[in-house]
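>>> build me a structure from this.
(one chain, ligands or ions: 1)
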Amino acid sequence: MRATIKLQTPDGQIHTVEDESVYYTEVEHIEFMWREGNYSCDCNRRLFIGRLTDPSYDDDLPCGDTIKLLSLEVAE
Ligand SMILES: [Zn+2]
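Here you go, the predicted structure:
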């Protein structure tokens with residue numbers, strides 16, 4: 001399963017990242033991961049942004065909740 005996630009950083013920029021894993025078997029898994037699980041934290045969100053759109057995000061990974069999840073769309 002693959003999800004496309006739109007994240008907004010405190011500077012107002014919007015980053016679109018993708019999360020694909022064979023370990024997701026239910027839409028609820030992805031929803032939980034991003035809304036309440038590990039990927040709800042800034043440190044992991046910054047990894048996705050750094051890897052996929054802007055490498056400068058990858059070098060400083062403090063925990064927090066300043067990166068907002070704007071949308072999450074799941075494709076089978
Ligand atoms: Zn964290």
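>>> measure stretch 28-42 end to end?
21 Å (CA to CA, to the nearest Å).
>>> right, I mislabeled it, should have said stretch 20-39
Note: stretch 20-39 ends 13 Å apart using CA to CA.
>>> tell me the buried residues in that stretch?
Y24, H29, I30, M33, W34, Y39 (16 or more other CB atoms under 10 Å). C-beta here means a position set from N, CA and C on the backbone, and glycine is covered the same way.
>>> tell me which of these is nearest to Q8?
W34 (13.5 Å; CB to CB).
>>> list of residues touching the worst-scoring helix or strand of the chain on mean pLDDT?
Within the chain, no helix or strand scores below helix 42-52, which has a mean of 89 by mean pLDDT, DSSP states H and E. The contact list for helix 42-52 (CB atoms under 8 Å, 6 or more residues apart in numbering) reads 5, 7, 9, 15, 17-19, 38-39, 56-67.
>>> please name the nearest non-neighbouring residue to M1.
Y24 (4.1 Å; CB to CB, 6 or more residues apart in numbering).
>>> hmm, I30 and that neighbour touching each other?
Yes: assessed by CB atoms under 8 Å, Y24 is found in contact with I30 at 5.2 Å.
>>> what's the overlap in contacts for those two?
With CB under 8 Å, 6+ apart as the test, Y24 and I30 both reach M1, A3.
>>> the ion contacts on the chain?
When proximity is defined by CB under 5 Å from the ion, the chain lies next to the ion at C41, C43, C63.
>>> which of those are buried? Put it as a PyMOL command.
Of the residues of the chain next to the ion, the buried ones go into a single PyMOL selection, burial set by 16+ other CB under 10 Å:
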select buried, resi 41
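>>> count the neighbours of R2 for me.
Look at R2: counted by other CB atoms under 10 Å, it has 13 neighbours.
>>> what confidence value was assigned to it?
With respect to pLDDT, R2 has a value of 93.
>>> the least confident helix or strand of the chain: which residues count as buried?
The neighbour-count check on helix 42-52 (16+ other CB under 10 Å) flags D42, N44, R45, R46, L47, F48, I49, G50 as buried.
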